[in-house]
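Novice: here is the input, now give the coordinates:
(3 chains)
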Amino acid sequence: MGKILKQIKYTPAKIHRGYSNKSLYINVGDLRVEEKEVTEFMKEKFVGGKGFDLWYLWHAVTPETRWDSPENEIVMSVGPLGGITQYSGTGKTLVCAISPLTGIPIDSNTGGYFGPLLKFSGWDALELQGKAEKDLIIFIDGNEGLISIEEGEEYPEDSHLLAEELTAHFAGSEEDKVHVSVVSSGSAAKHILMGMLNFSFYDPRRKTVRFKQAARGGLGTIMRDKHIKALVVKYKGIKPNLNDPADLAAINRIGVKYHKEVHDLDEKQNTMRKIGTANTILVMNKYDLLPTRNFQTGGDPEAVKISPEVFINQYLTQGIHDGCWYGCTMSCAKAADHFKLLTGPYAGLCVTVDGPEYECAAGLGANLGIFDPQAILEQNFYCDTYGIDLISYATTVAFIMECYEREQIGPEHTGGLDLRFGNAQASLELMHQMSRGEGFGLLAGLGVRRLKSIFVERFGADPKLLEDIGMENKGLEYSEYLHKESLAQQGGFALTNKGPQHDEAWLIFMDMVNNQIPSFEDKAYALYYYPMFRTWFGLCGLCKLPWNDIVPADNYKTDTPAKVPEHVQNYVDIFNAVTGKHIDKDELIRQSERVYNFQRVFNIRMGSGLRQHDRPPYRSLGPATAEEYLSRQERYDKQLRELQGLDPSRMTLDEKLAATRAYREKQFELLTDAVYERRGWTKNGVPTPEHLKEIGMDLPMLLEVVEKHL
Amino acid sequence: MKILTHKQEICTGCRACELACSQAYFRTDNRLKSSIRINNNFNTFHAIMCTQCGECINMCTANAIYRDKNGVVRIDKKKCVGCLGCVGFCSELSMFYSDDEPVPFKCIACGICVKACPEGALEILVSKS
Amino acid sequence: MITVNTRENPWREGLTVQALLDEMGFIFRHIIVRVNGEFVPEEAYAQRQIADGDDVQVMHLIAGG
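Specialist: Here you go, the predicted structure:
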């Protein structure tokens, strides 16, 4: 245990209607610890969670702040519904900061026990500002009312060791381990820009610490730059009424109804309890949506080797609860137990690997051309313990591998690593290099945007090709869905606040398969409604999955099955039952819209957030190379005939590529126009003062920013 | 293993068992706080109570449900977080909750209702498995 | 000719909902099928015949993320 640098006693605030009404500020540079009031204004305009994070972050930074400026903050908050136990997916912590990858606010949501335990320790939000010189551990004991800042130099860096050690240390006994949660990163995070944060929870059945990740946008990189090695919270006494809800009976009733739905229907629907989100691997493959070899195609016959059944039958422990917060009967946080590592510093060790989630299997598998479950799980483990965001990693390495195969870079640049698609050993070695801070791993850890310039400027690669195939937008790597054939999803990725992550909108089936939203207006509505609806989970401390990865048996009878109206009503009712307020489903969207537009203006304030920043790489929109065109030639030729009235039989391949490109780029511009209009933004993507007024966000601080861009 | 059993053909639906149960565990005459519930289905009386099948043990989100040395499935009240997952997941619909109790409740085959039944319709079966 | 999700699709004698789903590659389990607006339960996919000119909707509920 490290030397105690500062200790403060506090009286934990009583929670009332979902809020403690206090937030905690810690400056790790000068060890200042302050308590702030959570105001009615904050609750009214920002609700909580990501809303509170962005509010505090705005005040912490200036337009000149960079990710490694001392004033950059990591802010986290669980939201007013966070920590209830009766409904599934109610333990999500939202984390925000100015991202090293994008230079604008990132928001990342994660399970694990930290956020709820933090709130029950008396804090609606936690701000971490400043920079320490040496590694620190911050410990919050919510039962004792104690904040302790301790030296953390001697603890290990990698999360599976660090969190295990800290959990044991601060719990003091096996039975108290469930009351401790640790936030940590890993040894790679200080060497890369895509470092992530692990949020732990103790699994008393497996007797091991497990993790969920606030993975996107380099939050772990910032935490290690601040020399925070770990945050630890301890709170004992979880009960169903800790939020002091206005109507406990309503929460109980809705919760039991929902649990029963999961019990009765999950087996027939998405089998989340067996395999979690990875249930869709073969579905995505079949529908040409599984990103393969850097998003070139949407699947591969070899995908059967990484099918859900392979993971269920050979790796994932079945039949026990796997939730990342209490009460989540969806139970999708699967784990492979007794998994023997074959490479790296922990070779030979048997570990529990959290996952694979869909993004992991798709990204570290298909997108790298690696159709080997063992290699996927091993990469999954090392990404987690080293503190690497596996989505950014996968999309970056997929890009590197394509550059390598297209001879844009060679072994002379990669330090001899043969980074061809399918080479799992090379990928693992790259990860180990990131951990050690050496070799080509240091470059790879910079992410796609920076690598494009480096490959062009230093290695002489073709800039046009790299712009087309480097799958980033705003500096963030795309998450793992091939979406070229869904115009709506092209917007769902690019017309986002933080960058291309599917948590704002997943419209591929509605658009491409169901053909439900054919017109620009339809798509624009979907790109208004769904991002707003899904933003709300992040305001309240909720997980998206229980909304629509299970639906009521009679959902098909409703007018809008895609919205799952009964579940939307559950959320409205639970919000009201916890907070005592009286919102309806329209006010729910409005609550999100306020924060969504606030974040957009925040981006603009930081020098991004305009139309030019929303433009995707061409591979997101269509076939960027001859190989992609030829692999789906029948489809693309048909589109030339039907959509453009052209005769492909009279065209060269180059002409066909060019005509397809011109058409698709135009479609994207038209979509952008329609979406901006629906969202109340100018053609340049700036929220108008009128719209801000309409949603109750005509705050002088926002108007001052947008007025410069009108 | 101990299991409470009910003989439908003898039961008159007097519900003495329900009151005995709620009185014993919650000091109240309230059938909604009983761990045995008698349902009247066209004058045949069907009892809902735990079969001690144990399906709830592995699904419990707080690892609070266990089988004791008598084979009876029990809830550790200290560990239970009141998520009510077990209530929704019980195939027999015999895990119960009340809005004024922090944790759910179920039949633990204690036999209090057996003694209370005037018709002898209830019995605790003890088997070795 | 029939329409499937508003797009034209060839029809043949004896075409069932299940056969159509197989041909379209619609393996996703979380779907809602309607023929001329009428809901078809999953148990009936193998028997339910599709007639020439029918309007078939196979709504895939949102997956992903």
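
Novice: the closest residue to B:Ala109 other than its chain neighbours bridge partners, please.
Specialist: With Cβ to Cβ, 6 or more residues apart in numbering or on different chains as the measure, B:Lys2 is the residue that lies nearest to B:Ala109, at 4.0 Å, once sequence neighbours are left out. All C-beta spots, glycine's among them, are computed from the backbone N, C-alpha and C. According to DSSP bridges, the residues that bridge with B:Lys2 are B:Val126.

Novice: burial count for B:Lys2?
Specialist: B:Lys2: 17 surrounding residues under other Cβ atoms under 10 Å in any protein chain shown.

Novice: now do the residue in chain B positioned nearest to chain C, the pLDDT please.
Specialist: Closest contact between chain B and chain C, by Cβ to the nearest Cβ, is at B:Gly88 (20.3 Å). The score at B:Gly88 is 98. That number is its pLDDT.

Novice: any idea how far the closest residue to it other than its chain neighbours is from chain C?
Specialist: The shortest distance from B:Gly88 to any non-neighbouring residue, by Cβ to Cβ, 6+ apart, is to A:His259 (2.4 Å). The spacing between A:His259 and chain C, counted by Cβ to the nearest Cβ, to the nearest Å, is 19 Å.

Novice: pop out the phi and psi values for A:Ala214.
Specialist: phi -90, psi 90 (degrees, to the nearest 10).

Novice: list the contacts for it?
Specialist: With contact set as Cβ atoms under 8 Å, 6 or more residues apart in numbering or on different chains, A:Ala214 has these partners: A:76, A:93, A:95, A:108-110, A:196-197, A:199.

Novice: with A:Leu162 instead?
Specialist: When contacts are counted by Cβ under 8 Å, 6+ apart, A:Leu162 touches A:155-156, A:182, A:184, A:186, A:229-230.

Novice: what about 10 Å?
Specialist: Listed by Cβ atoms under 10 Å, 6 or more residues apart in numbering or on different chains, the contact set of A:Leu162 reads A:137, A:152, A:155-156, A:182, A:184-187, A:198, A:200, A:209, A:229-230, A:385, A:387.

Novice: confirm that it sits in a helix.
Specialist: Yes - assessed with DSSP: H, G, I helix; E, B strand; the rest coil, A:Leu162 lies in a helix.

Novice: that one and A:Val232, how far apart?
Specialist: A:Leu162 sits 10 Å away from A:Val232, taking Cβ to Cβ, to the nearest Å as the criterion.

Novice: who touches both of the two?
Specialist: Common neighbours of A:Leu162 and A:Val232, using Cβ under 10 Å, 6+ apart, are A:137, A:182, A:184, A:200.

Novice: from those residues, pick the one nearest chain C.
Specialist: A:Ser200 (23.0 Å).

Novice: wait, isn't that closest one in contact with A:Val232?
Specialist: Yes - using Cβ atoms under 10 Å, A:Ser200 is in contact with A:Val232, at 9.1 Å.

Novice: point out where chain C drops to low pLDDT.
Specialist: Residues of chain C meeting the criterion pLDDT under 70: C:63-65.

Novice: which stretches of it form strands?
Specialist: Per DSSP state E, chain C carries strands over the ranges C:2-4, C:7-9, C:31-35, C:38-40, C:55-60.

Novice: packing partners for the second one?
Specialist: The one in question is strand C:7-9. Under the contact criterion of 3 or more Cβ pairs under 10 Å, 6 or more residues apart in numbering or on different chains; DSSP states H and E, strand C:7-9 touches strand C:2-4, helix C:17-24.

Novice: show me which residues of it are buried.
Specialist: Within strand C:7-9, the residues scored as buried using 16 or more other Cβ atoms under 10 Å in any protein chain shown are C:Asn9.

Novice: and for stretch A:662-676?
Specialist: If you call a residue buried by 16+ other Cβ under 10 Å, then stretch A:662-676 has these buried ones: A:663-664, A:667-668, A:671-672, A:674-676.
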